[in-house]
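[1] coords please:
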Amino acid sequence: MSNNIDAFPSLSSLLRQAFGDLVSAEATSFLDMCDDNIVFEFPYAPDGFTERLIGKAALEAYLPTVADLLTIESMSLSRVIVAAGSEAATIEFSCNGYSNETGARYDQVYVSVVDLKGGLITRYRDYWNPLVLLSATKSSPATTEVK
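    So this is what the prediction gives:
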């Protein structure tokens, strides 16, 4: 796998816990878990915020923006539903953290619908409450779309 730095080790650990054998044992970071052609979507993103990333390179370019914006202190897995006989899962999890710019709390609940193929994530739909982000960041320009 790649030699990338794992910007979100708690997310990598959470996904490993949630997906178990569905994700490649060789994947050591979140990006390693992703297919080169991953489609990563934010269906509830507010206007002007990133709604979709296509490809691992776009995701890799986007992640430092999130790391600059937020510090995640912890993540907790609540529920995992794996579709019988397939490589699709829905996970519910929460995180606790804060905005690096404002210091305001960023305590969020997520539901993510994930497709995997051959041990890699091919599609990730990330559902979260945009009001929590807006409240913590005061609509920071760092949350705008990466092209």
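[2] Could you look up the SS state of G103?
    The three-state assignment at G103 reads coil, by DSSP: H, G, I helix; E, B strand; the rest coil.
[3] Residue for residue, what is the longest helix the chain has?
    Longest helix in the chain by number of residues (criterion: DSSP state H): helix 56-69.
[4] chain center to stretch 123-138: distance?
    11 Å (CA atoms, centre = their mean, to the nearest Å).
[5] Report the mean confidence score over it.
    Averaging pLDDT along stretch 123-138 gives 92.
[6] likewise stretch 15-22?
    Mean pLDDT, computed over stretch 15-22, is 92.
[7] pLDDT wise, what is the residue of the chain most remote from its centre at?
    Distance from the C-alpha centroid of the chain peaks at G85, with 24.4 Å (CA atoms, centre = their mean). You'll see G85 listed with a pLDDT of 83.
[8] my guess is K138 meets Y106, correct?
    No: using CB atoms under 8 Å, K138 is not in contact with Y106, being 11.8 Å away. Any C-beta I mention is one placed from the backbone N, CA and C, and that applies to glycine too.
[9] And the longest helix of the chain, how far out from the chain middle?
    Distance, centroid of helix 56-69 to centroid of chain: 10 Å (CA atoms, centre = their mean).
[10] Can I get that helix in PDB, CA atoms only?
    What follows is helix 56-69 as a C-alpha-only set of coordinates in PDB (Å, rounded to 0.1, in the frame of the first residue of the first chain):
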ATOM      1  CA  LYS A  56      -8.300   9.100  -4.400                       C
ATOM      2  CA  ALA A  57      -6.100  12.000  -5.500                       C
ATOM      3  CA  ALA A  58      -9.000  14.500  -4.900                       C
ATOM      4  CA  LEU A  59      -9.700  12.900  -1.500                       C
ATOM      5  CA  GLU A  60      -6.100  13.100  -0.600                       C
ATOM      6  CA  ALA A  61      -6.000  16.800  -1.500                       C
ATOM      7  CA  TYR A  62      -9.200  17.500   0.500                       C
ATOM      8  CA  LEU A  63      -8.200  15.700   3.800                       C
ATOM      9  CA  PRO A  64      -5.600  18.300   4.900                       C
ATOM     10  CA  THR A  65      -8.300  21.000   4.600                       C
ATOM     11  CA  VAL A  66     -10.400  19.100   7.100                       C
ATOM     12  CA  ALA A  67      -7.400  18.500   9.400                       C
ATOM     13  CA  ASP A  68      -6.700  22.300   9.300                       C
ATOM     14  CA  LEU A  69     -10.300  23.100  10.100                       C
END
